[in-house]
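Asks: I'll drop the sequence and a predicted model, then ask my questions.
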Amino acid sequence: MFTMIQLKQLQLPFSHAALLLMLAAVVGVGQAGSQNTPQQQVCPEQGDISPCICTVKKNGLDILCETTDLAHITKSMGTLKGKSPIIFYLKLRHNNLPKLQGFVFLALDIRHLTIHNSSLATIEENALSSLGTGLTQLDVSLNQMKTVPSQALQHLFHLLILNLNHNKITVIHNNAFEGLGTLEILTLYENRITQIDPEAFRGLEGKLKRLNLGGNDLSRVPQKSLSILDTLKKLEIQENKIRSIIEGDFEGLVNLDSLILAHNMITTVPANVFIHLTQLNSLELEGNKISVIDKDAFKGLEENLQYLRLGDNQIHAIPSEALRPLHRLRHLDLRNNNINVLADDAFTGFGDSLTFLNLQKNDIKVLPSVLFENLNSLETLNLQNNKLQRIPQDIMEPVIDTLRIIDITDNPLNCSCELTWFPKLLEDLKNKDDEMSQKKKPLCHMSLDNREYFVQAMPTEKMHCAGLNIIVNP
């Protein structure tokens, strides 16, 4: 591009120089057409797009059209076409828009399009085709669509995120997302999906990283359709009607990092069911009906699994044999089960890595004297709402120095000298700026005067604890 100085050096007449500058300016606009700078973005007059509202954002215009209809939206789109702006966000929410007609967005550059809670049931084949080179995010959630609008989606060559949540889709047919080879996130939460055809996700295997199938009516893991998704990192199948999982269900998902199977109807975790998920870091199985966990249930997860959530099930004992190979496990949640007895070696073999242990809402009556001996890294311990009457300080000694958060509330504790470690620990945690533990105020019962006291305020003078060797952190 020529500057005025360069044009003068060319010794062109002024008219020719001016013409070249004008041409240069036009070329500049053309070159920047796909990346207009924020300074070039100007909202139309409010009256021209009413009832829509326009604001200027860093990367372009933000257009919001709410509680209106197709006629007003079409009129506003016509006004915007004459301005040639970058519409970074176009949000059509709470409208009466049962059908999205063909070419409604023709000649518009839209990057993020939301059509939310607008009674949308049909998207005509050419309604989105003109947005293929610019649109990266499409949200058509909370509408009335009964099928995936495959024909309308197939020309969106740069789409990264597709949100079809809260519609009425029942079946995902073969090649439903054909043409969306760049898609990285697909979310179909809270539809009515009962069937996913074997080739449903064909074409997404190159880029898809996150798939949400939660809140549907699936009765089993759709293994055949999922098996091609070798780039998938996160799979969510929570809140379905899956009763069993079997070996092979997750074959092909070689890069999966997070698997969410929470709130289904699973009763058993069989051997080798996750054996193909060697990269899995997080596994969520809470809210099922699990009572049986095979000793080889977590085979294949030894090297990478760090987060395991088994809360809200029907587990009667800590599945130590199944957990023992998980030598990198950091977070173990077993809340709200039927655990009533803890074995001495419950955490032997995998406890070195644990930083978070949640045992709240069980039926635990006694803590074995060596229970915490192997938990050398424990920072958070939740024993809330069990049936513990005693928590002697010698049992807690192995974890006193590492704990940062502890909850022993809602237990039928006896006020005794055995509990004098707790106020001291809370004082030390206060110095670590842990506000959560300060708010937890467990009660204990003193038989001497048949009263309840906060453990932090036990009358130790009545309990004759003065000579006791109370644990004190260095």
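Replies: On my side now, so go ahead.
Asks: what about the helices in the stretch 101-250 of the chain?
Replies: 150-153, 223-226 (DSSP state H, counting those that start in this stretch).
Asks: mean confidence (pLDDT) on the first one, please.
Replies: In this case it means helix 150-153. The predicted model assigns helix 150-153 a mean pLDDT of 97.
Asks: and for the last one?
Replies: For helix 223-226, the per-residue pLDDT values average out at 98.
Asks: CA atoms of it as CSV?
Replies: What follows is helix 223-226, C-alpha atoms only, in CSV (Å, rounded to 0.1, in the frame of the first residue of the first chain):
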residue,chain,number,x,y,z
GLN,A,223,-21.2,-47.8,21.9
LYS,A,224,-21.2,-48.1,18.1
SER,A,225,-21.8,-44.4,17.4
LEU,A,226,-19.3,-43.3,20.0
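Asks: next one: it to chain centre, how far?
Replies: 22 Å (Cα atoms, centre = their mean, to the nearest Å).
Asks: contacts for it?
Replies: 172, 196-201, 211, 232, 235, 248-253 (Cβ atoms under 8 Å, 6 or more residues apart in numbering). Where you see a C-beta, it was placed from the backbone N, CA and C, and this is true even at glycine.
Asks: model confidence at K441, what's the number?
Replies: Confidence score, pLDDT, at K441: 88.
Asks: which residue, other than its chain neighbours, is closest to it?
Replies: Sequence neighbours aside, F454 is the residue nearest to K441 in space, at 5.1 Å (criterion: Cβ to Cβ, 6 or more residues apart in numbering).
Asks: contact partners for the residue nearest to L388 when sequence neighbours are not counted?
Replies: In space, and not counting its chain neighbours, L388 is closest to N411: 4.2 Å by Cβ to Cβ, 6+ apart. For N411, the contact set (Cβ under 8 Å, 6+ apart) comprises L383, Q384, N385, N386, K387, L388, Q389, I391, P442.
Asks: so A200 touches H173, yeah?
Replies: Yes. Counting by Cβ atoms under 8 Å, A200 touches H173, with 6.6 Å between them.
Asks: between the two, which one's more packed in?
Replies: More neighbours surround A200 than the other of A200 and H173, with 23 against 13 (other Cβ atoms under 10 Å).
Asks: F105 against T74, yeah?
Replies: No. Using Cβ under 8 Å, F105 makes no contact with T74, being 10.1 Å away.
Asks: joint contacts of these two?
Replies: Joint contacts of F105 and T74 (Cβ under 8 Å, 6+ apart) do not exist.
Asks: neighbour-wise, which of those two wins?
Replies: F105 (23 against 11).
Asks: contacting residues around that one?
Replies: Residues near F105 by Cβ under 8 Å, 6+ apart: M77, L113, A127, L128, S130, L131.
Asks: in strands only, show me the residues you listed.
Replies: L113 (DSSP state E).
Asks: ok so, going back, restricted to strands, list the contacts of helix 223-226.
Replies: Among the contacts of helix 223-226, the ones falling in strands (DSSP E) are I172, I196, L211, L235.
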